[in-house]
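Trainee: Just need the structure, nothing else, for what follows:
(one chain, ligands or ions: 2)
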Amino acid sequence: MSQTAPAVLRVTERIETRSKDSRARYLGMIAREADRHADRGFLSCSNLAHGFAAAGPDKAAIAGMRGPNIALVTAYNDMLSAHQPYGRYPERMKLWAREVRATAQVAGGVPAMCDGVTQGFAGMELSLFSRDAIAMSTAIAMSHAMFDGMALLGICDKIVPGLVIGALRFGHLPAIFVPSGPMPSGISNKEKQQVRQLYAEGKASREELLASESASYHSAGTCTFYGTANSNQMMMELMGLHIPGAAFVPPDTPLRNEITRAAVHRLAQIGRKGHDYRPMAQVVDAKAIVNACVGLLATGGSTNHAIHLPAMARAAGILLDWEDLDELSAAVPLIARVYPNGSGDVNHFHAAGGMAWVVHELLGAGLIHGDVLTVAEHGMAAYAQEPFLEDATLAWRPAPKTSGDDTMLRTVAHPFLADGGMRLVQGNLGRATFKTSAVDPGRWTIEAPARVFDDQESVTAAFKAGELDRDVVVVVRFQGPRANGMPELHKLTPPLGVLQDRGFRVALVTDGRMSGASGKVPAAIHVTPEALAKDGKPGPLAYLRDGDIVRLSAEDGTLSTTADLSARDPAPAPVADVGMGRELFAMFRLGAGGAEQGGSAMLEAAGL
Ligand SMILES: O=C(O)[C@H](O)[C@@H](O)[C@H](O)[C@H](O)COP(=O)(O)O
Ligand code: SF4
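Mentor: Ligands and ions are numbered 1, 2, ... in the order given. Sure, this is the predicted structure:
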């Protein structure tokens, strides 16, 4: 293992210094929790009796405190193909707990929204805030204080970040994330995108589009593009919160079952009653957060994590910002190309060497910290191994010596791009995230007249009316956390992609988000400050008008306009919509912090 790279050391030290006081407050709180609320000893007999009344065969073991009692916090529902397998998990996990003189109980469920189902309509305006609802629901589950460890059953976009945030507030306990695995590959993502663009141009019918989509998303398991859900799995490996190699093993296979069984057994070992105590608060430190950032950049992961990583870090008293990500991006090469950053999907990535390859390469180059506490016994080195079954027994072997497919996986020495997947762009229009890994380098700088919209539907209408057939920077504003919950505007990818394929130089600038699966069109997203006024002061996007020249460049890091905004009045903010439950999230919008701080009213109000 090489010396840690100077940029990684520099950023880690800067984060640790910046976080000194907040991290001390966090660890102090965790120490008090460990004293007050561990081991169930503080619970009254009535509390306890309620807690194990329905525990059936585990009642005596829980009552007699014979061994660790593991909380299962589950995001099961049938809406997310990724979470559908979880319906069968609790009963199996209880059996596996008994094998090691432990018990397991479903502590509680957390909500889980499928961004694929809600993409493009009002439901998506609840998506970002559902993360905080998940964090709060995790706290509700764990507040029963009956537990010695947490098994976190969640995979998708906002669910893993929400579970991390909630579980960290019980960081005196150990936690292991338990994924269920990607669905088998369907039609290629390229084919899927082609039918979408044909539909956007009116050259494919709705029946043809539905047939294509259903051939892509066709069964239980995580969708196979490298979006936010699969970026979550990568991050849980880099943060040492998985059984090593759990990320992309297919669902409902003997190997998947043995990995889940190992998670239950390991939790019994790493609790306070175990012989190898590893509380989550100690696992998730600045080095773990930096390792997650590096993994995100090296694999071209989801832009949503430019928002979720600062939020997760804050829950552990760690302060991360976009300068940190940007400085790491300049030092971390892109060594994986998984759709939308390439043609293969996560199943192909896994077969080519997967996470073991990525960790081996990053460790070998000193781009991630190896000296970290993980839930696995041997630090980060364990994650450079891939799991397999040797005579039906779970075992690990080193990552392959050569990439199984160098169109998908390369070495740090010979990467796809010297620059990581994501850059900070800033100027007189604010600060924003620009994902470079999915964009042709010839389009990393775009300068063109703006067309300004206040909602995504108007963009689609203008496209269909032929008003955008030219070099254009499409600006979609009033999409920030406080305006309408910061939805993903992923439905704009096909029309903007059509314009790009027609030969125009096109870009998107928005204070909203894009999907982790958004690709090829250059975009400056998460613009902060958002257009909607805060303390009576609108963000710069509120002053933009059609025809203003806007420049965004990942090469020189700019996001600016040549227009003089100083003498202008801001555009009036749209009135917040109701319906689809959006009115119930008004308090989340009202208090939301900026995207760079995680876009969370919950964290702002908690003073974290
Ligand atoms: O951040 C993400 O990864 C996305 O939110 C993803 O979860 C979402 O479902 C996409 O919309 C899927 O892509 P398609 O809409 O292209 O199927
Ligand atoms: S990956 Fe996205 S689209 Fe697929 S199940 Fe998860 S949230 Fe839904």
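
Trainee: Would you mind naming what in the stretch 201-350 of the chain lies close to ligand 1?
Mentor: 227, 228, 229, 302, 304 (CB under 6 Å from any ligand atom). (C-beta placed from N, C-alpha, C; glycine too.)

Trainee: wait, the last one sits on residue 512?
Mentor: No - contact criterion CB atoms under 8 Å: residue 304 and residue 512 do not qualify, at 11.4 Å.

Trainee: what is in contact with the two at once?
Mentor: Common neighbours of residue 304 and residue 512, counting by CB atoms under 8 Å, 6 or more residues apart in numbering, are residue 488.

Trainee: Those residues of the protein touching ligand 2, which are they?
Mentor: 80, 81, 82, 114, 115, 116, 156, 157, 222, 223, 227, 229.

Trainee: Output the residues you listed in a markdown table, with pLDDT appended to each entry.
Mentor: Converted to a markdown table, those look like this (pLDDT from 0 to 100):
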| residue | pLDDT |
| --- | --- |
| 80 | 97 |
| 81 | 96 |
| 82 | 97 |
| 114 | 96 |
| 115 | 94 |
| 116 | 93 |
| 156 | 98 |
| 157 | 97 |
| 222 | 97 |
| 223 | 96 |
| 227 | 95 |
| 229 | 98 |
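
Trainee: so which of the residues you listed would you say is closest to residue 578?
Mentor: residue 115 (21.3 Å; CB to CB).

Trainee: Skip the chain neighbours and tell me the closest residue to that closest one.
Mentor: The shortest distance from residue 115 to any non-neighbouring residue, by CB to CB, 6 or more residues apart in numbering, is to residue 157 (5.2 Å).

Trainee: I'd say the one you found and residue 304 touch.
Mentor: Yes - using CB under 8 Å, residue 157 is in contact with residue 304, at 6.4 Å.

Trainee: and the nearest residue to residue 356 once chain neighbours are set aside, how many residues sit next to it?
Mentor: Of all residues not flanking residue 356 in the chain, residue 399 sits nearest, at 3.6 Å (CB to CB, 6+ apart). As a burial measure, residue 399 scores 21 neighbours (other CB atoms under 10 Å).

Trainee: ok, now how distant is residue 399 from ligand 2?
Mentor: 25 Å (CB to the nearest ligand atom, to the nearest Å).

Trainee: give me phi/psi at the residue nearest to residue 456 when sequence neighbours are not counted?
Mentor: Spatial nearest neighbour of residue 456, excluding adjacent residues (CB to CB, 6+ apart): residue 489 at 5.0 Å. With angles defined as degrees, to the nearest 10, residue 489 sits at phi -110, psi 40.

Trainee: What distance do you get for residue 174 to residue 98?
Mentor: In this view, residue 174 and residue 98 are 19 Å apart by CB to CB, to the nearest Å.

Trainee: which one of these two has more residues nearby?
Mentor: More neighbours surround residue 174 than the other of residue 174 and residue 98, with 30 against 16 (other CB under 10 Å).

Trainee: List the contacts of the more buried one.
Mentor: Residues 149, 150, 267, 270, 271, 277, 278, 279, 280, 283, 375 are the ones in contact with residue 174 under the rule CB under 8 Å, 6+ apart.

Trainee: can you put these in JSON lines and add distance to residue 483 and secondary structure?
Mentor: JSON lines is the format used below for those (distance: CB to CB, whole Å; DSSP: H, G, I helix; E, B strand; the rest coil):
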{"residue": "149", "distance to residue 483": "40", "secondary structure": "strand"}
{"residue": "150", "distance to residue 483": "35", "secondary structure": "strand"}
{"residue": "267", "distance to residue 483": "41", "secondary structure": "helix"}
{"residue": "270", "distance to residue 483": "43", "secondary structure": "helix"}
{"residue": "271", "distance to residue 483": "44", "secondary structure": "coil"}
{"residue": "277", "distance to residue 483": "45", "secondary structure": "coil"}
{"residue": "278", "distance to residue 483": "41", "secondary structure": "coil"}
{"residue": "279", "distance to residue 483": "39", "secondary structure": "coil"}
{"residue": "280", "distance to residue 483": "34", "secondary structure": "helix"}
{"residue": "283", "distance to residue 483": "36", "secondary structure": "helix"}
{"residue": "375", "distance to residue 483": "39", "secondary structure": "coil"}
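
Trainee: List buried residues within those.
Mentor: 149, 150, 267, 270, 271, 278, 279, 280, 283, 375 (16 or more other CB atoms under 10 Å).

Trainee: The fourth one against residue 375, yeah?
Mentor: By that I understand residue 270. Yes - at 6.2 Å, residue 270 counts as touching residue 375 under the criterion of CB under 8 Å.

Trainee: Would you tell me which residues of the chain are close to ligand 1?
Mentor: 115-116, 119, 157, 227-229, 302, 304, 488, 490, 515-517.

Trainee: coming back round to it: tell me the confidence at the residue nearest to residue 456?
Mentor: On pLDDT, residue 489 comes in at 96.

Trainee: all strands of the protein, in order?
Mentor: 69-74, 103-109, 149-153, 175-177, 385-390, 393-398, 422-427, 430-435, 445-453, 472-476, 506-510, 523-528, 549-553, 558-561 (DSSP state E).

Trainee: Low-confidence ranges, the stretch 401-550 of the chain, go.
Mentor: Within the stretch 401-550 of the chain, not a single segment meets pLDDT under 70.

Trainee: Need phi/psi at the closest residue to residue 25 other than its chain neighbours.
Mentor: Leaving aside its chain neighbours, residue 25 sits nearest to residue 317 (6.0 Å; criterion: CB to CB, 6+ apart). Phi and psi for residue 317, reported as degrees, to the nearest 10, are phi 80, psi 20.

Trainee: same question, the one 4 residues further on
Mentor: Note on residue 321: backbone dihedrals following degrees, to the nearest 10 are phi -130, psi -180.

Trainee: Quick check, it in contact with residue 313.
Mentor: No - look at residue 321 against residue 313 with CB under 8 Å: they stay out of range, at 9.6 Å.

Trainee: okay, the two: which has more neighbours?
Mentor: The neighbour count for residue 321 versus residue 313, taken as other CB under 10 Å, is higher for residue 313 (31 against 17).

Trainee: Hmm, that one is touching residue 320, no?
Mentor: Yes - between residue 313 and residue 320 there is a contact under CB under 8 Å: 4.3 Å.

Trainee: Identify the contacts common to the two.
Mentor: Common neighbours of residue 313 and residue 320 (CB under 8 Å, 6+ apart) are residue 289.
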